[in-house]
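Trainee: Have a look at this fold, sequence not included:
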C-alpha cells in the first residue's frame, strides 16, 4: 500500500502512486475496463481498472464491488480533463474492506419520507454533501465575524424556568422537582451577559413545539444571537447587514464548488453587499397593497407577505418599526410613536422569508415591569431579567439569525429539512 | 463627546481624548480626587476625576456614582505604570447613563447559593470574565483544530428516539405522539456522518439527569465529538493528544492575562505537549495498588482513583483497554483479549479527572446486533445505527471532550459550576 491521501489533495500527486480509503459511489463496466467512482468524504474520483494492468483477482474484486462497499484502492494519478476534479486514478491494487448489502437508495426517484427514514445513508450523496459543507462554512464564518470583532461567546442555557413568549410552543421536561422548558432563544440571558461583556453572542440549538408542517419550520433549529450594550436599533441593523454580507462572501469564496453542484444561481448571491434596503413597516404594507395583497394594517407578515416584500429587492431587505402589539414584550417602543416597537426583521431575497429577527430592548425598569404584568408573565421567574434594568441599565439591542433558513436561502433549497444533518419536525424523530 | 473606543484598545490613544461607555466597577475618594474604576466588558481602567479639572456638576456626579452605574466618560489617556493595564484616564467629562440601585454583590464573602442566584450579575466580576473568556478560547481553538484538518461539522440532533446507555439518566419530553430523549452524546449520529464525510465533528450541549451533586457534574454540558472513518484506537489517541496540546497552547498564547487573573500555575500548563503517556488499564490498576488504593480489578475508576492515577504524570495520561463489561455496548473488543474494550479515557493532570472518553467502535454487523440484544436495547430504534455496518462498514473511532471539565482544569477551578455562564445542576434552574 502506498501513501494514503485524501482525494481532495490529489493535484499534489500527479504521476505518483497513492492509496485512497473510501467507498464505491458508482460503477460502470465496459469490456476490459471497470470505472469505479470512489468517494472518501473529501471528494470523489474516477478510478480506472484495466484488466491487463492488474492481477485477475483484483479485476474480479472490481467487478463484484457493490455500491457503498468500503475499499482501499491504489494506483497512479493521471490528468483527466473531462472530470470536474481534473484527475483520475489508474488502478494497480484494490482491497475490499467490506462488501455492502444492496444499497436502498438508488438512482430512481425516492419519496421524501423514504429519504428521511434513510437520512443516515442519504447524507452520503453529493447533493447532501454540498449542503452540509455550506452549512459548516456559514457557521464557521458566522463565529469568525463575531470573534474578530471582540464579541465574547456566552453559551446560554437550554433548560429555562421561564418562557419569554408563553409556554404553548415549548417543549417541557421534568427537572428534578420542577418543570423546565427548552429554550427557544438565548436572548434574555444574552442581555445579562452583554451588561458584563459589552458585546456577546450565543450559538446553540433552540426548540419550538410547533404543530405546523411548513417548508420553513423545524422543531429543533440552530440560532446565533449577538447582543450589544450601548447599541440602538440603527446600529443593530448595520451589524446585521455586515454580518450577512460576511457570511455570503465567505461561502462564495470557500464553497463555490458546492454552490455549483447545487446549481445555485451564483450571480444572485454576488449581489449581496451591505448596505441593505431598510424600510419602515408602513412602507412594507404599502408594497403589499400595490401588489394587491389582502393585508390588514397592524398585523405581522405571513410567509406570502414576506415573499412579496422581499421580491422587490435584489438583496436582503430589513423591515423595521413593527406594531408593538404583534411583537415581544421586551422590545423598546419608538419615541416618535409608542405604538411601534423598535423591532427589525431581515427578509432574504428570492422569497426565502425571515432569516433575522431583532430589536432594541426595553431598558427602563418600570416600563419593563409593567409589560411583564400586562403579558401575565410570572414576575418571580423574570426577577433576574428585571435586575438588568436596576443595576446599570443601558440602551442595548441584538438579533438572532436562524441557521437553517440561511442555509436554505444560500443553497437555494425549497425546504429547510435538508439544511440540517438530522432534521426534527412534526412526527419526525427518526433516525 | 470624543471618539468612543474600547478600553482594551487604549494603548493606541496615548495623550488623546477619548470616551468610554461602561459601568462603574469600583470607586475611591480622596479629597479633591475621585478614582473611578470603569469596565466596559473589554477591559477595566482607572479614571481620575480632579475637582479642579471639571465643572462642579461633573465632580458631584462622580461622587454620587454607585457601583455598577452605567456611564459615558471622556478624558485624556495617560501612562500609569502601577496598573496592570498600564494606562489611566484623566477625566474631562462624565455622563451618567443610569444610576444603579445598591448592588447586591459586595466585597464581603458571599455563599455559593447567593452567588448562583445572582449569576446574571456575578458574571460581571473580573474572575468570571477571565473564566468565560478562557472558555471562549477553548471552544474557538477546538473548532479551529478540526476545521484546519478538513473535518466536516455535522450537528447531531438533541431530540433522539433511542438511548445509547439506557434511559435512567435521560431527560424526557413529549414529542407530539411520541417520547423524545435529550441526547447525552452525538456519537451514534457522528458515526453515520463519518461514513459520509470521512472525518467529522459535532459540538453542542448534551444532557444528563444525574442526581449527583459533585464538583464534576452538570445536567447540561457542552461536548465536542470527532469521529473518524478508517481510524483505529492508536490513531484516535494520537488525535486526542494533539487536540489537547493545541487547545492548551492557544489559551497560553491568547488568554495568558486571564490565567494570571485566576492565579493559575502557568508553568504546569506549559508542560502540556504531545505525546502524552499512554498506559494500559492493567498498569493503571497497578498504580492504584502501589498507592494503597482499595480497588477491585475489572471496575471503572472513580474520582479518587482518577486523581491518584493522574498525579503520577505532569501531563494528561491516556488509559486504554478497559474491561468491556464496564464500557458501552458499541465499543470494539481487543483482538488479543476480547474481555477488553478498545476504549480510552484521558485524565487531566492535577486531579482534574476524565476530560476525554473515546473508543474504536464495533464495525461488524452481527457482533453489534448481538450486543444490542445483550443490552436489551430496542432493536428497531437502532436499525439505522446497525445499517452503518451493512453498507460499507469500516474501522472507525472517535472521542468526546467535555468542555466544562476542560475549562475547570485549564483555569484551575475546583468546581465545574463556574465554567459555564448559566450552570444547570441538581436543583439549580435559576436564573
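Mentor: Looks like it came in fine. None of these values were measured; they are calculated from a predicted model. Residues are numbered from 1 along each chain as shown, chains lettered A, B, ... in the order given.

Trainee: all helices for chain A, in order.
Mentor: Taking DSSP state H as the test, the helices found in chain A are A:56-64, A:112-117, A:119-122, A:126-148, A:187-197, A:233-254, A:256-261, A:266-270, A:281-290, A:303-310, A:365-374, A:383-387, A:403-411.

Trainee: Tabulate these in a markdown table, adding columns for distance to residue B:232 and mean neighbour count.
Mentor: Where C-beta positions appear, they are placed from N, C-alpha and C, glycine not excepted. Output for the helices of chain A, formatted as a markdown table (distance: least, Cβ to Cβ, whole Å; neighbours: other Cβ atoms under 10 Å in any protein chain shown):
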| stretch | distance to residue B:232 | mean neighbour count |
| --- | --- | --- |
| helix A:56-64 | 23 | 15 |
| helix A:112-117 | 31 | 14 |
| helix A:119-122 | 23 | 22 |
| helix A:126-148 | 25 | 20 |
| helix A:187-197 | 42 | 26 |
| helix A:233-254 | 31 | 19 |
| helix A:256-261 | 31 | 16 |
| helix A:266-270 | 41 | 13 |
| helix A:281-290 | 58 | 16 |
| helix A:303-310 | 50 | 19 |
| helix A:365-374 | 57 | 15 |
| helix A:383-387 | 49 | 18 |
| helix A:403-411 | 34 | 25 |
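
Trainee: between those helices, which one is nearest to residue A:96?
Mentor: helix A:56-64 (5.6 Å; Cβ to Cβ).

Trainee: Which neighbouring elements make contact with that closest one?
Mentor: For helix A:56-64, the elements it packs on are strand A:33-39, strand A:44-50, strand A:87-98, judged by 3 or more Cβ pairs under 8 Å, 6 or more residues apart in numbering or on different chains; DSSP states H and E.

Trainee: quick one: stretch A:173-186 to chain centroid distance?
Mentor: Taking Cα atoms, centre = their mean, to the nearest Å, one finds the center of stretch A:173-186 at 25 Å from the center of the full chain.

Trainee: If you average the pLDDT over that stretch, what comes out?
Mentor: Per-residue pLDDT values over stretch A:173-186 give a mean of 94.

Trainee: buried set for it?
Mentor: A:173, A:175, A:180-186 (16 or more other Cβ atoms under 10 Å in any protein chain shown).

Trainee: Looking at those residues, which is nearest chain B?
Mentor: Chain B lies nearest to residue A:173 out of the buried residues of stretch A:173-186, by Cβ to the nearest Cβ, at 4.7 Å.

Trainee: re the thing from before, report the two of the buried residues of stretch A:173-186 separated the most.
Mentor: Most distant of these, by Cβ to Cβ, are A:175 and A:185, 18.7 Å apart.

Trainee: List the buried residues of the longest strand seen in chain A.
Mentor: When chain A is parsed with DSSP state E, its longest strand is strand A:17-30. Buried residues in strand A:17-30, counted by 16+ other Cβ under 10 Å: A:17-25, A:27.

Trainee: Any chance of CSV for those residues, columns pLDDT?
Mentor: Shown next, in CSV, are the buried residues of strand A:17-30 (pLDDT from 0 to 100):
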residue, pLDDT
A:17, 98
A:18, 98
A:19, 98
A:20, 98
A:21, 98
A:22, 98
A:23, 98
A:24, 98
A:25, 97
A:27, 97
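
Trainee: for the stretch 301-431 of chain A, what are the low-confidence residue spans?
Mentor: Nowhere does the stretch 301-431 of chain A drop to pLDDT under 70.

Trainee: how about the residues of it near chain B?
Mentor: By the rule Cβ under 8 Å from any Cβ of the partner chain, the part of the stretch 301-431 of chain A lying against chain B is A:363, A:381, A:384-385, A:387-388, A:390-395, A:420-422, A:424, A:426-427, A:429-431.
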